[in-house]
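J.: task: produce atomic coordinates for the following.
(one chain, ligands or ions: 1)
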Amino acid sequence: MQLGDQRASGNVEDRRGIGIAGGGLGVGAIVIALVAYFLGVDPGTVTSVVEQAAPQRQAPMGAPTDEMGQFVSKILGSTEDAWASILQQSNSQYRPPTLVLYDGQVRSACGIGQSAMGPFYCPEDEKLYIDLAFFRDLQMRFQAPGDFAQAYVIAHEVGHHVQKLTGVFQRVETIRGRVSEAESKRISVRMELQADCYAGVWGHRAGAMNQLDTGDVAEALNAATAIGDDRLQRQTQGRVVPESFTHGSSEQRVRWFKRGMNSGRPIDCDTFSTGSL
Ligand SMILES: [Zn+2]
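T.: Residues are numbered from 1 along each chain as shown. The predicted structure follows:
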């Protein structure tokens, strides 16, 4: 990518090295929050714990100065510029999310996040959470190297934030309370594929701003392939169970990313009313 001219976003909270500060995990009620993950992690396996308010060490805000910190801040800045201009066309204002960098464990309004869950977005506090170790995983474990592959991860989580702004999260949460688990998974797939398509919409803008190198799109498509539910299931359990998909197959993730990338318009990302995903 070519990010030389891109401003770095200041909406970065650097919790690296801070950990989950303050007090032990005082157990209150157990809540399973609706959180959007990048990988096909079953949110049901992640139980979060409501704690007594514990003092937290203040995390510095603003673009970190280290190389990776600068990179994510610029990608976030690029998504802010893209979505602000897209929403402006429909006379809406973009309220940017905060990106939280952490290592190991992190406390969010949706519960305790862990690196193993992969990057995630919490609609309650409108923050995206990333442990940069995931980028190493992306390269080594999922064999999806490249800066644009990493940018796609951030843009996907930002896509979930756009869903929060457009009311999709709220609608889905209402529906989920009334439907079977199988139906709930199918809705989850539609949400995830829309976030992939929104990542593509950002990619389109990045291309228009001359931020892309040859081969960048291929990196994102390779990453989308690597983290499809079918591919992950084959790797982890040796077989593919389409009914348990929460994010969509590799082919679907690639197709919806491409769709956003080609059109650059969020209106073309309506995964909810389409008959065939
Ligand atoms: Zn997601």
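J.: with just CA atoms, put stretch 240-258 into CSV.
T.: Output of stretch 240-258 as CSV, limited to C-alpha atoms (Å, rounded to 0.1, in the frame of the first residue of the first chain):
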residue,chain,number,x,y,z
VAL,A,240,-17.0,-28.8,6.8
VAL,A,241,-20.4,-28.2,8.4
PRO,A,242,-22.2,-25.5,6.4
GLU,A,243,-25.0,-25.3,8.9
SER,A,244,-22.6,-24.1,11.5
PHE,A,245,-21.2,-21.3,9.4
THR,A,246,-21.2,-17.9,11.1
HIS,A,247,-19.1,-15.9,8.6
GLY,A,248,-19.7,-17.5,5.2
SER,A,249,-17.5,-19.7,3.0
SER,A,250,-14.3,-18.6,1.4
GLU,A,251,-16.0,-18.2,-1.9
GLN,A,252,-18.7,-16.1,-0.4
ARG,A,253,-16.3,-13.9,1.5
VAL,A,254,-14.2,-13.3,-1.6
ARG,A,255,-17.3,-12.6,-3.8
TRP,A,256,-18.8,-10.0,-1.4
PHE,A,257,-15.5,-8.3,-0.8
LYS,A,258,-15.0,-8.1,-4.6
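J.: what does it contact?
T.: Here stretch 240-258 makes contact (CB atoms under 8 Å, 6 or more residues apart in numbering) with 37, 39-43, 152, 182, 185, 188-189, 192-194, 196-197, 199-200, 203, 220-221, 224-231, 233-234, 269, 271, 277. Where C-beta positions appear, they are placed from N, C-alpha and C, glycine not excepted.
J.: where along the stretch 151-277 of the chain do the helices fall?
T.: 168-176, 181-208, 216-226, 229-237, 250-263 (DSSP state H, counting those that start in this stretch).
J.: in TSV, list those along with mean pLDDT, mean neighbour count and distance to the ion.
T.: Shown next, in TSV, are the helices of the stretch 151-277 of the chain (pLDDT from 0 to 100; neighbours: other CB atoms under 10 Å; distance: least, CB to the ion, whole Å):
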stretch	mean pLDDT	mean neighbour count	distance to the ion
helix 168-176	88	15	12
helix 181-208	93	22	5
helix 216-226	91	22	12
helix 229-237	83	16	12
helix 250-263	95	21	10
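J.: for Asp81, find the nearest of those.
T.: Proximity to Asp81 (CB to CB) singles out helix 181-208 among the helices of the stretch 151-277 of the chain, at 7.6 Å.
J.: other SSEs contacting that closest one?
T.: Judged by 3 or more CB pairs under 8 Å, 6 or more residues apart in numbering; DSSP states H and E, helix 181-208 is in contact with strand 36-37, helix 67-88, helix 147-165, helix 168-176, helix 216-226, helix 250-263.
J.: same thing but at 10 Å, please
T.: strand 36-37, helix 67-88, helix 147-165, helix 168-176, helix 216-226, helix 229-237, helix 250-263 (3 or more CB pairs under 10 Å, 6 or more residues apart in numbering; DSSP states H and E).
J.: got the angle for the fourth one vs helix 147-165?
T.: Using axes from the mean of the first three to the mean of the last three CA atoms, to 10 degrees, the interaxial angle of helix 168-176 with respect to helix 147-165 works out to 70 degrees.
J.: return helix 168-176 as CSV; C-alpha atoms alone will do.
T.: Provided in CSV are the C-alpha atoms of helix 168-176 (Å, rounded to 0.1, in the frame of the first residue of the first chain):
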residue,chain,number,x,y,z
VAL,A,168,-28.3,-3.2,11.3
PHE,A,169,-27.0,-4.3,14.7
GLN,A,170,-30.2,-3.2,16.4
ARG,A,171,-32.5,-4.9,13.8
VAL,A,172,-30.5,-8.1,14.0
GLU,A,173,-30.5,-8.2,17.7
THR,A,174,-34.3,-7.9,17.8
ILE,A,175,-34.7,-10.7,15.2
ARG,A,176,-32.2,-13.0,16.9
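J.: by contact count, what packs against it?
T.: Right, helix 168-176 is packed against helix 147-165, helix 181-208 by 3+ CB pairs under 10 Å, 6+ apart.
J.: nearest to Asn11, out of these?
T.: Comparing these by CB to CB, helix 147-165 comes nearest, at 10.8 Å.
J.: ok, which of the helices and strands packed on helix 181-208 comes nearest Gln114?
T.: Closest to Gln114 of the helices and strands packed on helix 181-208 is strand 36-37 (CB to CB; 11.1 Å).
J.: quick revisit: mind giving me JSON lines with the helices and strands packed on helix 168-176 and columns for distance to Thr174?
T.: Output for the helices and strands packed on helix 168-176, formatted as JSON lines (distance: least, CB to CB, whole Å):
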{"stretch": "helix 147-165", "distance to Thr174": "14"}
{"stretch": "helix 181-208", "distance to Thr174": "11"}
